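S.K.: Pasting a predicted model and its sequence here:
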Amino acid sequence: MSQNSATPAIPAVNPRRWLILISVMAAGIMGPIDGSVVNVALPTISRVFNVDLNTVGWVAMAYLLVLGSLILTYGRLGDMYGFRRVLLMGIAIFTIASGICALAPNIWVLIAFRAIQAIGAGMFMAMGPAIITSVFPPYERGRALGTNGMIVAVGLALGPTLGGFLVTAAGWEAIFTINIPIGIISYILCRQVIPATRDFKPQQFDLVGAASGFFALSAFLLAGSYGEEWGWTSPATLILGLVFLIGAWFFIRWEKRVAEPMLDLTLFKNKVFTAANFAALMNFMSQYAMVFLLPFYLQQILNYTAGHTGLILTASPLVVLLLAPVSGALSDRLGTRWLAFTGQAFVSLALFLMAGLRVTSPPVDIIWRLCLFGLGTGIFQSPNNSAVMGSVPRHRLGIGSGVLATVRNVGMVLGIAVSSGVFTWQRSAKLAVLGPEGTTVAFMTGLRAAFLVGAFLAAAGALASLVRNDNVAG
């Protein structure tokens, strides 16, 4: 048997791969910014349209729900029709919807087009890692994914500050109109430099799987987002939980039977793919336990202003921004396993130390803990993303990228749900003993418990990183 017949052909290294990475990053920055920038404008939008906070909250929630529920579908569409085509369509939808959001005559039009915005954002967010993995050789994949990971950190760090500036300087509409020039430029750039994929085999789209997956994920994300507000045993939460369980059961059964599934469940037979996605889930759950609760501590206990709070919270994403490409490059040389473990271990330690915050803690005590958290996240994410994408066969890169993005969104919602549930439970138990005069002590008790649970989740992710190996599927 010849060498050629025994070994699959390896695609030639694309000489424009770094330019392709820049174009993917130009599109990718819009997603994380838009997910966070709107929160600053919600009070203003509430006043402009004369609606209550529950209603205006759907401006943010509609975006997050649609984004989290459909990303998996886009991964499959990318494998079927080409990553470039899906990415360009996503940029176009997002840009047009942004313009309509700025012109919205009432709150319901704004909410509807925020959902359409999310349809577009999900397309280019899901395609980014797949495109990068397809054009970079394995020995540069970690560095490239790490560099792309900077965009998420930049977007999360820049979003609240940029939103506050735009609302103050130009009104709430500006948080949407700013997407139009960015979208046009990124569309032109991506169209010019990203190669089109050819020679697709005819495939059937799994419409039943896509629909059942959408309904199951939507029910899960909605219950996780509003379960605390509605009550975890309320009829609405229980019904959504039942819809999720039935939908997930049907989805898994259907995907095992259908010839061309939306989600190839055999991917989870690969230990690297499964363990690395589990570690990513634990990372985002622990991350959002901190992201959700820390602002309440800073503003309600330490009496910091919203601006001061925002500046303190940028410490963690700024460290991630610096470390992500370095960690990715190191993973190309050293492998992903020990870097991912070390990063998650630092995240766990940071949350454990966060549990030691007091009502008299100065800003420096909070900032160095946030920097330690950013250190762990920066070390972890690039190698872990590289492990996920490196374990996926080339004809399933879209699905692998979609799974990774879905895990991120589910982790965010679960992190908020678990941390808020633990916080409320422990705070209420303490208040029952101390009475109204023990409000501050009860708050700190709930905060400490939630951070310790976050530390435990991160530790579970570290162990998942350790038990796998660095072997990939190619």
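M.R.: Okay, I see it. Keep in mind that what you see is a predicted model, and the values were worked out from it rather than measured.
S.K.: Identify the residues contacting F214.
M.R.: Taking CB atoms under 8 Å, 6 or more residues apart in numbering as the criterion, F214 is in contact with S69, L70, T73. The C-beta positions use only the backbone N, C-alpha and C, and glycine is treated the same way.
S.K.: typo on my end, it should be Q344
M.R.: Contacts for Q344 (CB under 8 Å, 6+ apart) come out as A279, M282, N283, G376, F380, A458, A459, G461, A462, S465.
S.K.: wait, isn't F113 in contact with A102?
M.R.: No - F113 is not in contact with A102 according to CB atoms under 8 Å; the separation is 9.4 Å.
S.K.: Which one of those two is surrounded by more residues?
M.R.: F113 (23 against 19; other CB atoms under 10 Å).
S.K.: Just the pLDDT for the more buried one.
M.R.: With respect to pLDDT, F113 scores 94.
S.K.: show me what contacts it?
M.R.: A97, I100, C101, A104.
S.K.: How about W425?
M.R.: G446, A449.
S.K.: can you list the domain ranges for this protein.
M.R.: Listed by automatic domain parsing, the domain ranges of the chain are 11-196, 206-261, 264-474.
S.K.: Give me the pLDDT for V40.
M.R.: 69.
S.K.: er, F250 I mean
M.R.: 91.
S.K.: out of everything not next to it in sequence, what's closest to it?
M.R.: Leaving aside its sequence neighbours, F250 sits nearest to S212 (CB to CB, 6 or more residues apart in numbering; 5.2 Å).
S.K.: in which helix or strand would I find the one you found?
M.R.: Secondary structure assignment for S212, by DSSP states H and E: helix 207-230.
S.K.: Could you export that helix as PDB, keeping only the C-alpha atoms?
M.R.: Backbone C-alpha positions of helix 207-230 (Å, rounded to 0.1, in the frame of the first residue of the first chain) are rendered in PDB as follows:
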ATOM      1  CA  LEU A 207     -35.200  20.200  10.000                       C
ATOM      2  CA  VAL A 208     -36.800  18.100  12.700                       C
ATOM      3  CA  GLY A 209     -33.600  18.000  14.700                       C
ATOM      4  CA  ALA A 210     -33.100  21.700  14.300                       C
ATOM      5  CA  ALA A 211     -36.600  22.500  15.400                       C
ATOM      6  CA  SER A 212     -36.500  20.100  18.400                       C
ATOM      7  CA  GLY A 213     -33.100  21.400  19.400                       C
ATOM      8  CA  PHE A 214     -34.300  25.000  19.200                       C
ATOM      9  CA  PHE A 215     -37.300  24.400  21.400                       C
ATOM     10  CA  ALA A 216     -35.400  22.400  23.900                       C
ATOM     11  CA  LEU A 217     -32.600  25.000  24.200                       C
ATOM     12  CA  SER A 218     -35.000  27.900  24.200                       C
ATOM     13  CA  ALA A 219     -37.000  26.400  27.100                       C
ATOM     14  CA  PHE A 220     -33.800  25.600  29.000                       C
ATOM     15  CA  LEU A 221     -32.300  29.100  28.600                       C
ATOM     16  CA  LEU A 222     -35.600  30.800  29.400                       C
ATOM     17  CA  ALA A 223     -36.100  28.800  32.500                       C
ATOM     18  CA  GLY A 224     -32.500  29.400  33.600                       C
ATOM     19  CA  SER A 225     -32.800  33.100  33.000                       C
ATOM     20  CA  TYR A 226     -36.100  33.700  34.700                       C
ATOM     21  CA  GLY A 227     -36.300  30.800  37.200                       C
ATOM     22  CA  GLU A 228     -35.100  32.900  40.100                       C
ATOM     23  CA  GLU A 229     -37.600  35.700  39.300                       C
ATOM     24  CA  TRP A 230     -40.500  33.400  38.700                       C
END
